[in-house]
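> Sequence first, predicted model second:
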Amino acid sequence: MQESVTLTYNGRQIQLPVVIGTEGEKAIDISTLRANTGFITLDPGYANTGSCLSAITYMDGEKGILRYRGIPVEHLAENSTFKETAYLLINGKLPNREELTRFSIMLNDNSLVHEDLKAFYQNFPRASHPMGILSSMVNALRSFYPELGTLEEQITITMTRLLAKVRTMAAMSYKISRGHKVVYPRPDLTYCENFLNMMFDTPVKPYEINRAAVDALRVFWILHADHEQNCSTSAVRMVGSARVNLYAAISSGIAALWGPLHGGANQAVIEMLTQIQADGGNYQNAIQRAKDRNDPFRLMGFGHRVYKTYDPRAKIMKKMCDELLESLKISDPLLDIAKELEEVARKDAYFIDHNLYPNVDFYSGIVLRAIGIPTNMFTVMFAIGRLPGWIAQWKESMDDPKWKISRPRQVYTGANECDFVPIHLRP
Ligand code: ACO
């Protein structure tokens, strides 16, 4: 028998069905609420609202669990490649050899970008933020590569184009920003190797593949590949629900990710740690400011809407950070500051009471710095990693026979009807 909850108002009762997910998560289905009662629900920030049914990613914020298509992210970080994880998210299963080969060939074949795109890059003001550029360029892709159509195979080509080209475009933007010659993708390199080669190879200093850096990038991208209905993914689904093209939907996701409370936190963490270093390592000041209700400052890389325990991605990232720095023989003072900051924060009553733990962004910036990625490119690195998740979520929403255009309601709190006052009579 289907469970339900009873809503009682003014002596009238209505039954609302309960929806139970495969991991036992429960939701009250309110889709008939307004039609039956005239009421809507109010939930600023959607903290209690499930916007969809989804079979892609499962997370449990209390237990610190994250799984893609049922597979724990720890196992994927240990055993998988980013390419394979992307395939898993988008197609719902790990590829067999033949499918993986086909996917690799498609990624390689689509990895070049139209040469005319370079002119766009060159005309952005020099100080433009790479996330603004990436969001605009992904939207511009629609003009160069129109969506092919609605057949499964045609959608697959558009999705593969994005996965292949965004990586090339990100490296290209870095090269152009430095005034250097663009490096093209190579068919003999893996997805991660290719990116690092396009970033760091120069005619005067050929890039030597560094295994530790490649592996760190692989794990970094796997850890960022999806995170269910976060702000940018919800943006992709919402914009996509108007049936815009996939490029436009992804471009909106990139714009949302840019924010410092979301993906932009990885850049903000490094800026915060650098400031603490400049202040002579005085992290107590940062802690005090974060606790001060009258100060808008927050400890960047701490806290999460869903995780009320240690973010499982942060655990892996912290371990990887230690291993990478040791393997590259780098000593980064920001890592010492980050660790001390974490230790102090985790013993502090404010952070304990508010369930504030390091999130994925707290140590990821130090990993990216060690690989040689410039700070203003950090969020772009996140965006490349999140692409498979955005695409998978967009595809799931497009395939949903019950999908509707996203259109929340509001509770109006403005003025009641009033007269138009001609300008000469206004006070
Ligand atoms: N530092 C200090 N206090 C914090 C922090 C923080 N980083 N995060 C939350 N709090 C406090 C808030 O001030 C609030 O306190 P109050 O209840 O006493 O007023 C309480 O904790 C709850 O905070 P909310 O903003 O309501 O929590 P929410 O779930 O809406 O926000 C968020 C989550 C945006 C991630 C928040 O923790 C934050 O701003 N963190 C810093 C930015 C960051 O690291 N973002 C990356 C998140 S991971 C990602 O998107 C990839």
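Ah, there it is.
> Let's see stretch 331-342 as CSV, backbone CA atoms only.
In CSV, the C-alpha atoms belonging to stretch 331-342 read as follows (Å, rounded to 0.1, in the frame of the first residue of the first chain):
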residue,chain,number,x,y,z
SER,A,331,56.5,22.3,-0.1
ASP,A,332,53.5,24.6,-0.2
PRO,A,333,53.2,26.9,2.9
LEU,A,334,49.5,27.3,2.0
LEU,A,335,49.0,23.5,2.8
ASP,A,336,50.4,24.0,6.3
ILE,A,337,48.1,27.0,6.8
ALA,A,338,45.1,25.0,5.5
LYS,A,339,45.8,22.1,7.8
GLU,A,340,46.2,24.3,10.9
LEU,A,341,43.1,26.2,9.9
GLU,A,342,41.1,23.0,9.6
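> mind listing the strands for this structure?
4-9, 12-20, 26-28, 57-60, 65-68, 71-72 (DSSP state E).
> Strand 12-20 and the first one, what's the angle between them?
Read that as strand 4-9. Strand 4-9 runs at 150 degrees relative to strand 12-20, counting by axes from the mean of the first three to the mean of the last three C-alpha atoms, to 10 degrees.
> State the number of residues packed around the residue of the stretch 251-400 of the chain found nearest the ligand.
Shortest the stretch 251-400 of the chain-to-the ligand distance, computed as C-beta to the nearest ligand atom: residue-wise this is Gly303, at 2.3 Å. All C-beta atoms are positioned from the backbone trio N, CA, C, and that covers glycine. Gly303 has 20 neighbours, counted by other C-beta atoms under 10 Å.
> Same question for Glu193.
Summarising burial for Glu193: neighbours were counted as other C-beta under 10 Å, giving 19.
> In this structure it contacts Val214, no?
Yes - if you go by C-beta atoms under 8 Å, Glu193 and Val214 touch, sitting 5.5 Å apart.
> re earlier: and the strands of the chain: which comes nearest Thr413?
Put simply, out of the strands of the chain the one that sits nearest Thr413 is strand 4-9, at 21.1 Å, with distance taken as C-beta to C-beta.
> Tabulate the CA atom coordinates of that closest one in PDB.
Backbone C-alpha positions of strand 4-9 (Å, rounded to 0.1, in the frame of the first residue of the first chain) are rendered in PDB as follows:
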ATOM      1  CA  SER A   4       0.700   9.000   2.400                       C
ATOM      2  CA  VAL A   5       0.700  12.000   4.700                       C
ATOM      3  CA  THR A   6      -2.400  13.800   5.800                       C
ATOM      4  CA  LEU A   7      -2.600  17.600   5.600                       C
ATOM      5  CA  THR A   8      -5.200  19.200   7.800                       C
ATOM      6  CA  TYR A   9      -6.300  22.800   7.400                       C
END
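> what residues does it touch?
Identification of contacts with strand 4-9 by C-beta atoms under 8 Å, 6 or more residues apart in numbering yields Gln13, Ile14, Gln15, Leu16, Pro17, Val18, Ile28, Leu33, Thr37, Phe39.
> Name the member of those residues with the most neighbours.
By neighbour count, taken as other C-beta under 10 Å, the most surrounded of those turns out to be Leu16 (18 neighbours).
> Would you mind listing what in the chain touches the ligand?
Residues of the chain found near the ligand, taking C-beta under 6 Å from any ligand atom as the criterion, are 45, 261-263, 265, 290, 298-305, 354, 356, 359-361.
> which ones are touching the closest residue to the ligand within the stretch 1-150 of the chain?
At 5.8 Å from the ligand, Gly45 is the closest residue in the stretch 1-150 of the chain, using C-beta to the nearest ligand atom. Contact partners of Gly45, counting by C-beta under 8 Å, 6+ apart, are Arg305.
> per-residue confidence at it?
Residue-level confidence at Gly45 comes out at 96, pLDDT.
> measure it to Ile287 for me?
According to C-beta to C-beta, to the nearest Å, Gly45 stands 25 Å off from Ile287.
> and the closest residue to Arg289 other than its chain neighbours, how many neighbours?
Distance criterion C-beta to C-beta, 6 or more residues apart in numbering; nearest residue to Arg289, sequence neighbours excluded, is Phe297 at 4.2 Å. By the measure other C-beta under 10 Å, the count of residues near Phe297 is 13.
> thinking Phe297 is in contact with Ile287, fair?
No - the pair Phe297 and Ile287 fails to qualify as a contact (C-beta under 8 Å) at a distance of 10.3 Å.
> for the helix ranked longest in the chain, what is the average pLDDT?
As far as residue count goes, and with DSSP state H defining each element, the longest helix of the chain is helix 152-177. On average, the pLDDT along helix 152-177 is 90.
> Summarise which helices and strands that helix is packed against.
helix 97-109, helix 117-123, helix 130-144, helix 191-200, helix 246-257, helix 378-399 (3 or more C-beta pairs under 8 Å, 6 or more residues apart in numbering; DSSP states H and E).
> CSV for those, including mean pLDDT and distance to Val182?
Putting these into CSV (pLDDT from 0 to 100; distance: least, C-beta to C-beta, whole Å) gives the following:
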stretch, mean pLDDT, distance to Val182
helix 97-109, 96, 18
helix 117-123, 87, 7
helix 130-144, 93, 14
helix 191-200, 97, 8
helix 246-257, 96, 21
helix 378-399, 96, 16
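> Format those helices as JSON lines; extra columns: distance to Arg426.
Conversion of the helices and strands packed on helix 152-177 to JSON lines gives the following (distance: least, C-beta to C-beta, whole Å):
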{"stretch": "helix 97-109", "distance to Arg426": "62"}
{"stretch": "helix 117-123", "distance to Arg426": "44"}
{"stretch": "helix 130-144", "distance to Arg426": "39"}
{"stretch": "helix 191-200", "distance to Arg426": "58"}
{"stretch": "helix 246-257", "distance to Arg426": "38"}
{"stretch": "helix 378-399", "distance to Arg426": "45"}
